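[1] A predicted structure for the sequence below; I have some questions about it.
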Amino acid sequence: MFSGTARVANALHPGVIFDTNLQRSMNVPRIVLDVATGLSNLLVLKSIPQGAATQCYVAANPALEAVSGQYFVDCNIAKPRADAEDPALAKRLWDVSERIATAL
């Protein structure tokens, strides 16, 4: 889509990040959140800097300035889900995103 231009578009997953205050809008008792968060922190959750690392890497690394159409996880190119590589779905997402962005 960006052939012949200097524009690039990539996707990424920052991971699941703990200690972000997102739970403030959840209708779940605080004790349940505290226990679940405590257990999850030990297993899979990232800190805020760890969660920001991939965004910063993809946005600011000069070695990636010509890389486009990739999916990044933990600062590496990764294989996305099968539906993420569906050209018809990609075009639909792009068209909707473009309409939203130009409406702002």
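    That came through fine.
[2] and the spatially most central residue of the chain, what does it touch?
    For the chain, the residue nearest the mean C-alpha position is residue 13 (3.3 Å; C-alpha atoms, centre = their mean). Applying C-beta atoms under 8 Å, 6 or more residues apart in numbering, we find residue 13 in contact with 54, 71, 72, 73, 78. The C-beta positions use only the backbone N, C-alpha and C, and glycine is treated the same way.
[3] Confirm for me that residue 16 is in contact with residue 48.
    No: in this structure, residue 16 is not within contact of residue 48 by C-beta atoms under 8 Å, at 11.7 Å.
[4] after the worst-scoring helix or strand of the chain on mean pLDDT comes which helix or strand?
    Of the helices and strands making up the chain, the lowest-confidence element is helix 30-43, at a mean of 62, by mean pLDDT, DSSP states H and E. Following helix 30-43 in sequence order, the next helix or strand is helix 48-60 (DSSP states H and E).
[5] how much distance is there from whichever helix or strand comes after that following helix to the middle of the chain?
    Of the helices and strands lying after helix 48-60 in sequence (DSSP H and E), the nearest is strand 71-73. The chain centre lies 8 Å from the centre of strand 71-73; the measure is C-alpha atoms, centre = their mean, to the nearest Å.
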